[in-house]
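1. Fold the stuff below for me.
(one chain, ligands or ions: 1)
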Amino acid sequence: MTKDKSAGFGTLAVHAGQSPDPSTGAVMTPVYFTSTYAQHAPGDHQGYAYSRTHNPTRTALQDNIAALEKGTKGIAFASGLAAVDAIVRLLKPGDELVSSNDLYGGTYRLFTKLFAHYGIVFKFIDLSNTANLEEVLSEKTKLVWIETPSNPLLQIIDVKAIAAFKLKYAFELVVDNTFATTYLQKPLDLGADIVMHSATKYLGGHSDVVLGLIVVNKESLAERLFFIQNAAGAIPGPMDCFLVLRGIKTLHLRMRQHCENAKQIAHYLQSHPKVEKVYWPGLSSHRGHGIAAEQMKDFGGMISFSIKGNKESQARSFLSKLNLFTLAESLGGVESLCGHPASMTHASIPREERIKAGLSDSLIRLSVGIEDADDLVEDIDQALSKI
Ligand code: P1T
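-> Predicted structure coming up:
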């Protein structure tokens with residue numbers, strides 16, 4: 001059996017970065033609950049001196065995600081936002097970051113409410129039309145930030161087309177791969193420089209851990225990000241690393257079911273007379289369907305939709321009638337969740353910005369789990385029948 005990078009996704013998901021523990025033979029990576037390590041003489045140790053800098057459980061996770069994303073280095077953080085924070089720390093005052101205008105509210109808040117105070121300039125534009133990028137790029141642009149599919153409107157951004165602008169402008173392209181996951185999409189292969197994950201979502205997969213991951217394939221970026229990881233110290237604990245390592249082992253199996261269930265629900269919603277609009281890139285009516293089919297293996301488990309009449313009260317009423325879908329923040333767990341982005345995950349974006357970007361008060365977001373699709377459709381059907 002090969003465990004090298006040529007192995008298939010499932011093989012890498014289960015094995016990459018991991019081998020039986022040499023001291024005991026433990027098949028699962030031990031959870032190294034230690035803050036420090038004995039040294040033979042000052043500075044003479046086995047590669048581990050202090051757990052903010054290195055921890056073997058974290059190393060296994062970092063090597064695992066690097067292999068899956070086809071990068072050279074993985075760097076783990078205490079949360080998805082801590083990973084975003086580390087990437088923006090690559091910038092200095094006066095630098096510009098251009099971002100797509102549909103993105104997780106917490107990322108927007110970190111950009112505009114924290115980093116903007118340090119003189120970094122943020123520009124938010126619609127990047128589902130990549131031609132818009134030309135208008136804002138300059139020699140000051142150091143990062144271009146995209147989510148594809150985006151949160152919560154499931155916009156698709158053409159990663160290769162954005163990467164092509166790097167021939168003319170010197171920026172690093174960051175792809176937040178949280179919604180697609182490394183199973184469905186490989187941003188580094190498409191020309192991105194930095195891939196970022198809220199591993200809290202599909203990678204962990206069981207809604208029991210908060211963690212962030214970054215993968216790069218350039219040594220210079222890896223060095224700077226490892227420096228930030230150690231110098232700023234927003235590291236995940238070993239138990240959290242273990243939980244994400246364990247989650248990733250079944251990522252491919254779970255994602256297939258998430259995608260299949262989402263497909264059934266999206267088609268059901270699309271044909272329902274009370275439904276106004278369905279946002280799921282697998283529908284041929286979706287604006288980004290063609291690009292999604294090219295750059296993704298399948299279309300993912302996230303769906304947003306609106307109800308005819310476009311009233312917030314209807315959205316709230318629908319959400320209150322669901323039984324199987326739990327009303328909650330977050331996504332990507334085995335269980336189905338539902339949410340109201342305007343008042344929940346994206347409430348930190350000013351309403352007028354949200355509306356401009358197309359995120360209405362009536363939008364409903366579903367994180368489709370791996371339960372039986374028929375049961376999920378039945379739940380949505382009974383909730384729609386009551387409004
Ligand atoms: O929650 P945390 O692990 O810090 O990750 C932040 C984050 C980053 N990027 C994307 C695309 C995300 O969706 C998130 C977190 N999102 C939610 C909690 C949510 O319900 O949308």
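
2. Enumerate the beta-bridge partners assigned to the residue lying closest to residue 116 once chain neighbours are set aside.
-> By the measure of CB to CB, 6 or more residues apart in numbering, the closest residue to residue 116 outside its immediate chain neighbours is residue 122, 6.1 Å from it. Every C-beta, even on glycine, is put in place using the N, C-alpha and C of the backbone. The partner list for residue 122 in beta bridges (DSSP bridges) reads residue 97.

3. Residue 122: neighbour count?
-> Neighbour count of residue 122, defined by other CB atoms under 10 Å: 17.

4. Wait, it touches residue 97, no?
-> Yes - under the criterion of CB atoms under 8 Å, residue 122 makes contact with residue 97 at 5.3 Å.

5. intersection of neighbour lists for the two?
-> Taking CB atoms under 8 Å, 6 or more residues apart in numbering as the contact rule, residue 122 and residue 97 both touch residue 111.

6. The residue of the stretch 151-300 of the chain found nearest the ligand: neighbour count?
-> Closest contact between the stretch 151-300 of the chain and the ligand, by CB to the nearest ligand atom, is at residue 198 (3.1 Å). Here the number of neighbours of residue 198 (other CB under 10 Å) works out to 30.

7. for residue 170, same thing?
-> Using other CB under 10 Å, residue 170 is surrounded by 9 other residues.

8. Dump stretch 182-201 to CSV, restricted to CA.
-> Written as CSV, here are the backbone C-alpha positions of stretch 182-201 (Å, rounded to 0.1, in the frame of the first residue of the first chain):
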residue,chain,number,x,y,z
THR,A,182,-10.4,19.4,0.2
TYR,A,183,-12.4,16.4,-1.0
LEU,A,184,-14.4,18.5,-3.6
GLN,A,185,-11.9,21.2,-4.5
LYS,A,186,-8.1,21.6,-4.7
PRO,A,187,-7.4,25.4,-4.8
LEU,A,188,-3.6,25.0,-5.0
ASP,A,189,-3.9,23.0,-8.2
LEU,A,190,-6.2,25.7,-9.6
GLY,A,191,-3.5,28.4,-8.9
ALA,A,192,-4.2,29.6,-5.4
ASP,A,193,-1.3,30.3,-3.0
ILE,A,194,-3.0,29.8,0.4
VAL,A,195,-5.9,27.5,1.2
MET,A,196,-7.7,28.1,4.5
HIS,A,197,-10.3,26.0,6.3
SER,A,198,-12.6,26.4,9.2
ALA,A,199,-12.0,22.7,10.2
THR,A,200,-14.8,23.3,12.7
LYS,A,201,-17.1,22.4,9.8
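
9. What are the buried residues along it?
-> Neighbour-count burial for stretch 182-201 flags 182-188, 190-201 (criterion: 16 or more other CB atoms under 10 Å).

10. what does this protein have sitting close to the ligand?
-> Within reach of the ligand by CB under 6 Å from any ligand atom, the chain has these residues: 79-81, 104, 106-107, 147, 151, 176, 178, 198, 200, 210, 212, 329-331, 345.

11. ChimeraX command to pick out the buried ones of these?
-> Typed into ChimeraX, the next command selects the buried ones out of the residues of the chain next to the ligand (criterion: 16+ other CB under 10 Å):
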select :79,80,81,104,106,107,147,151,176,178,198,200,210,212,330,331,345
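
12. which ones among the residues of the chain next to the ligand are found in strands?
-> Using DSSP state E, the subset of these located in strands is 147, 176, 198, 212.

13. Pretty sure the first one sits against residue 185.
-> Read that as residue 147. No - Residue 147 is beyond contact range of residue 185, at 11.3 Å (criterion: CB under 8 Å).

14. ok so, going back, now, which of the buried residues of stretch 182-201 lie within strands?
-> Using DSSP E, those in strands are 194-198.

15. Rebuild these as CSV, extending it with pLDDT and distance to residue 258.
-> Listed next are these as CSV, based on pLDDT from 0 to 100; distance: CB to CB, whole Å:
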residue, pLDDT, distance to residue 258
194, 99, 25
195, 98, 19
196, 98, 20
197, 98, 15
198, 98, 16
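
16. Report the two of those residues separated the most.
-> 194 and 198 (14.3 Å; CB to CB).

17. which ones are touching the closest residue to the ligand within the stretch 51-200 of the chain?
-> At 2.3 Å from the ligand, residue 80 is the closest residue in the stretch 51-200 of the chain, using CB to the nearest ligand atom. For residue 80, the contact set (CB under 8 Å, 6+ apart) comprises 104, 106, 178, 196-201, 210-212.

18. shaky segments in the chain?
-> 1-5 (pLDDT under 70).

19. Where do the strands of it begin and end?
-> Here the chain has its strands, by DSSP E, at 73-77, 96-100, 121-125, 141-147, 172-176, 194-198, 212-216, 275-279, 302-307, 326-327, 337-339, 364-367.

20. tally of neighbours for residue 338?
-> The number of residues packed near residue 338 is 24, by other CB under 10 Å.

21. Check residue 134 too.
-> Residue 134 has 10 neighbouring residues, counting by other CB under 10 Å.

22. I'd assumed residue 165 was in contact with it.
-> Yes - with contact defined as CB under 8 Å, residue 134 reaches residue 165; the gap is 7.3 Å.

23. how many neighbours does residue 297 have?
-> If you count neighbours by other CB under 10 Å, residue 297 ends up with 17.

24. So it sits against residue 181, correct?
-> No - the criterion here is CB under 8 Å, and residue 297 misses it with residue 181 at 9.7 Å.
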